[in-house]
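A.B. asks: compute the structure for the input listed below.
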Amino acid sequence: MMRGLQVGKRISRVDEFEQSKVPQQKLKSASNFLGIMTSEHIAGTEFVIGPLFVLHGASTIDVFLGLLFGNLLASLSWALICAPAATKTRHTVFYQLEKISGLGLVSIYNLIIGLSFCITTALMLMVSASALGLIFNVESPGIQDLYPSSPLWVLLVIGISFIIIYIAAFGFDRIARFAKIFAPWIPMIIIGSAIATLPSLGVSKLSDFWSVANEKIWTGVPIEGYSKYTFWHILFFAWLCNSTMHLGLSDMTIFRYAKRSSYGFLSAFAMYTGHLMAWIASGILCANVIMNGIYNPSAAEIAYLGAGITGAICVAIAGGTTAIPSMYRAGMAFHAFLPMFRRWKVTFIIGAVTTIIACFPIFVTKLDQVLGIIALIAAPVGAIVIADLYLFPKLKLKQELAQKETLYINPAVMGAWFSGVACGYMIYYYMHLDFYFFVTLPAWAMTLATYLLFSWLQQKKLVFKAKMTISFRNYDIEE
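C.D. replies: Okay, the predicted model is just below:
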């Protein structure tokens, strides 16, 4: 009882500067961001995403080139867009957007982005639970199942969820400390397990790899029921699967603690070890599982085949290293939506909702589509913040208009956001596309363009009203 009270007091003293700038003395060194980014993006879901390229029949050359260039673009998006915005303002995107869009509109955004991070966290919880389920002989759902597999598996989800929520509630420092412990060795296990399975696929020497990869791993032929993935699918997925974080600026929540914006380049370590090497490795493992007649494996089964119990433990921990910062972001988003509660209390409440979501694997089955829809809705908001920070001063437009004019909803933001999302969806629908990530960029660009236009018209109108008011006042004085 006493220990519980002490923990409660420690959490209550944690200040995450939700409605203010991060002070200079609280800025963090590069190692913190290297640890957080690398551990978060070398996750249990790599054992879900990597197999998607195998199941969707991507060719070997498309996978390698798509991941090479897609991850480069993702790294540059963090380094040149997100991190500079974060270090310039030292605010979360939620607080910065509130000053631009107004409390009413940012509440809608916070709800959407908060739920998206709940889903991301839930995916990690499910993956970690499936790994522990394999170790403790608890039946876990496969990557094509929709519902919980057993009551014991649900209990595993609840147990893991409590640990994740507890760490996230303590804030940035605790998250960074946890990440730095596990970031160095997780990629070595994932890559090592893939190398260990290559002989069973027919690779006896390095020169065999390319031909075996084309014949047995990324064959270019999708599994029945799956659409065909090309180079462009892989490139846009690698670039934009985390677009909510970089182009959408939600990682301002993390990088506002960075001493320099150049820390954004550290994302390359995460992209090329997690989103390139780990996706390739998990694809190799998935092909080996399919060759053994298992067409609905869990993420843990894929890892277990290559590295045994060590592989399963790796998946369990990797799921946690991604779930914790996602849970932290979800708590920050909903705290901005519910400021009357303390952030750590909001984190525990939202964590309970996330735990319920994690019990239903249906979200993993359509992971690429779920991430694509979230990107389409949330990423364009980043264009609004970027325009307000960098373009408005050059165009001599007033920044942070909602705060200065006490607007509950900034109509220019609302119109631009709606226009961007609608544009993206119309392209997706009328061009009969099978991939939401293809339309994230057009939606972002449309939001940027319409926001500049609507803001120019809006502020010209405000200037006109102000001039008219002054004229009438001068007229009254003369009378």
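A.B. asks: element containing Thr177?
C.D. replies: Actually, residue 177 is Arg rather than Thr. Per DSSP states H and E: Arg177 is located in helix 172-182.
A.B. asks: okay, buried residues for that helix please.
C.D. replies: The neighbour-count criterion (16 or more other Cβ atoms under 10 Å) identifies 172, 174-176, 178-180, 182 as the buried residues of helix 172-182. Backbone N, C-alpha and C define where each C-beta goes, glycine included.
A.B. asks: against which helices or strands is it packed?
C.D. replies: helix 30-41, helix 151-169, helix 299-337 (3 or more Cβ pairs under 8 Å, 6 or more residues apart in numbering; DSSP states H and E).
A.B. asks: pLDDT of stretch 244-252, averaged?
C.D. replies: Confidence for stretch 244-252, expressed as mean pLDDT, is 93.
A.B. asks: equivalent analysis for stretch 396-414, please.
C.D. replies: Per-residue scores along stretch 396-414 average to 93.
A.B. asks: stretch 325-333 too?
C.D. replies: 88.
A.B. asks: and what of stretch 117-134?
C.D. replies: 84.
A.B. asks: next: stretch 188-195.
C.D. replies: Stretch 188-195 comes out at a mean pLDDT of 81.
A.B. asks: swap in stretch 353-365?
C.D. replies: 78.
A.B. asks: give me the phi and psi for Ala449.
C.D. replies: Per-residue torsions, Ala449: phi -70, psi -50 (degrees, to the nearest 10).
A.B. asks: what do you get for Ser29?
C.D. replies: The phi/psi pair for Ser29 (degrees, to the nearest 10) is phi -80, psi 170.
A.B. asks: and Gly293, by the same measure?
C.D. replies: When read as degrees, to the nearest 10, the backbone of Gly293 gives phi 90, psi 10.
A.B. asks: distance check, it against Cys286.
C.D. replies: Computed as Cβ to Cβ, to the nearest Å, the Gly293 to Cys286 distance reads 13 Å.
A.B. asks: which residues does Phe435 contact?
C.D. replies: 233, 236-237, 368, 372 (Cβ atoms under 8 Å, 6 or more residues apart in numbering).
A.B. asks: of the residues you listed, the lowest pLDDT goes to which?
C.D. replies: Lowest confidence among the contacts of Phe435: Asp368, with 65.
A.B. asks: just the strands in the stretch 151-300 of the chain please.
C.D. replies: With strands called from DSSP state E, counting those that start in this stretch, the stretch 151-300 of the chain shows none.
A.B. asks: quick one: low-confidence ranges for it?
C.D. replies: For the stretch 151-300 of the chain, the stretches with pLDDT under 70 are 183-184, 295-300.
A.B. asks: centroid residue for the chain?
C.D. replies: Asn242 (4.5 Å; Cα atoms, centre = their mean).
A.B. asks: I figured it hits Ala74, correct?
C.D. replies: Yes - under the criterion of Cβ atoms under 8 Å, Asn242 makes contact with Ala74 at 6.3 Å.
A.B. asks: re earlier: now what about the helix holding Arg177, what contacts it?
C.D. replies: Residues outside helix 172-182 that contact it (Cβ under 8 Å, 6+ apart) are 16, 28, 31-32, 35-36, 38-40, 167-168, 254, 257, 317-318, 321, 324-325, 328.
A.B. asks: rerun that using 10 Å as the cut-off
C.D. replies: 11, 14, 16-17, 22, 26, 28-29, 31-40, 42, 164, 166-168, 170, 253-254, 256-257, 314, 317-318, 320-322, 324-325, 327-328 (Cβ atoms under 10 Å, 6 or more residues apart in numbering).
A.B. asks: out of these, which are buried?
C.D. replies: 11, 16-17, 22, 28, 32-40, 42, 164, 166-168, 170, 253-254, 256-257, 314, 317-318, 320-322, 324-325, 327-328.
A.B. asks: and Gly293 and Cys286? Which one has more around it.
C.D. replies: Higher neighbour count among Gly293 and Cys286: Cys286, with 27 against 6, using other Cβ atoms under 10 Å.
A.B. asks: isn't the more buried one right up against Leu201?
C.D. replies: No - at 11.1 Å, Cys286 does not count as touching Leu201 under the criterion of Cβ atoms under 10 Å.
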